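Trainee: sequence-free structure coming up:
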């Protein structure tokens, strides 16, 4: 069933990155598996518990890392010549924008996290220490 779902996705959205990922995309997948996925339960705990200011630095690192990888993926989708690809990729601007719409939420959410961590007084408040 998962293979059928992958085939449907690749055919519908014309995403050859999922069938034959380039080496740089594989590196992003490994980063996701070993860095980003372990972050989710930690961040989930911190955000659900609330009041955990210690999550600020890890969340900034996570969000900047994800945003950086997504910029590379979005640029590839927009500018790569897929006519020479083994698997069917987006050919028209409309097809590229449809595929882009699949990846954009993965950029928007980390940017929202980054904005929250940098500008929310709850997370950016610096505690004053007492002098002796």
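Mentor: Structure received. Computed from a prediction, not measured in an experiment: that's the story for all the values here.
Trainee: C-alpha from now on. contacts and neighbour counts both.
Mentor: Fine.
Trainee: ok, residue 10 - how many residues close by?
Mentor: Using other Cα atoms under 10 Å, residue 10 has 19 neighbouring residues.
Trainee: what's near enough to touch it?
Mentor: The neighbourhood of residue 10, defined by Cα atoms under 8 Å, 6 or more residues apart in numbering, consists of 16, 18, 19.
Trainee: just the buried ones from those, in PyMOL syntax?
Mentor: Of those, the buried ones can be selected in PyMOL as follows, counting by 16 or more other Cα atoms under 10 Å:
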select buried, resi 16
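Trainee: can you redo the contacts of residue 10 as JSON lines with pLDDT and secondary structure?
Mentor: Formatted as JSON lines, the contacts of residue 10 follow (pLDDT from 0 to 100; DSSP: H, G, I helix; E, B strand; the rest coil):
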{"residue": "16", "pLDDT": "89", "secondary structure": "coil"}
{"residue": "18", "pLDDT": "90", "secondary structure": "coil"}
{"residue": "19", "pLDDT": "86", "secondary structure": "coil"}
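Trainee: closest to residue 80 out of the contacts of residue 10?
Mentor: residue 16 (11.4 Å; Cα to Cα).
Trainee: the closest one and residue 88 touch, don't they?
Mentor: Yes. Contact between residue 16 and residue 88 holds when scored by Cα atoms under 8 Å: they sit 6.3 Å apart.
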